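J.: predicted model and sequence below, questions to follow.
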Amino acid sequence: MSRPLRIALAAVALWYAAVACTGPTGGTATPAPAGVPPVTVAAGKRIAITEQGPVPRHLIAGPGDDISWRNDTPSDQRVTMLDGTESGLIKPGESFTRRFPTSGTFAYEIGPVGAQGLVEINLPEPTWS
């Protein structure tokens, strides 16, 4: 099994585990260890690359949206998608943007931080007239 596939599977498993810990029955989630941002689901189009990993780790957007990763660390970083798309070096304070034209779940790794994240592209809810 290739490394990117293992990373994607681990990220998806982590996300499902986080979802299973909370739910409509009023369960509680275990807090993240000190210094590690929690896994969050956020609607937005920007991901901050921090020394602790991406914030948010799980971002939800729509087809055709541009997602930007901003390097908020003091060193060069790189975003590598499971499909092999790579950002090239992102200098401190700079960004990398990718358009996601279709729905799906896209795993990525940030290096050299070594953290993983997910971008989830969902179709919009239908509107009924």
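T.: Noted; the coordinates are in hand. Numbers count the residues shown, from 1 in each chain.
J.: show me where this protein has helices.
T.: Here the chain has its helices, by DSSP state H, at 3-21.
J.: show me where it has strands.
T.: Ranges of strands in the chain, per DSSP state E, are 41-43, 46-50, 53-55, 58-61, 65-71, 78-81, 95-100, 104-111, 115-121.
J.: pull out the buried positions in the longest one.
T.: The neighbour-count check on strand 104-111 (16 or more other C-beta atoms under 10 Å) flags Thr105, Phe106, Ala107, Tyr108, Glu109, Ile110 as buried. (C-beta placed from N, C-alpha, C; glycine too.)
J.: in TSV, list the residues you listed along with pLDDT and distance to Ile60.
T.: Shown next, in TSV, are the buried residues of strand 104-111 (pLDDT from 0 to 100; distance: C-beta to C-beta, whole Å):
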residue	pLDDT	distance to Ile60
Thr105	95	10
Phe106	96	11
Ala107	97	14
Tyr108	97	15
Glu109	96	19
Ile110	95	19
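J.: Lys91: which of those residues is nearest?
T.: Nearest to Lys91 among the buried residues of strand 104-111 is Ile110, at 14.1 Å by C-beta to C-beta.
J.: so the closest one sits against Arg78, correct?
T.: Yes: contact criterion C-beta atoms under 8 Å: Ile110 and Arg78 qualify, at 7.1 Å.
J.: now the common contact residues for those two.
T.: Shared contacts of Ile110 and Arg78, defined by C-beta atoms under 8 Å, 6 or more residues apart in numbering, are absent.
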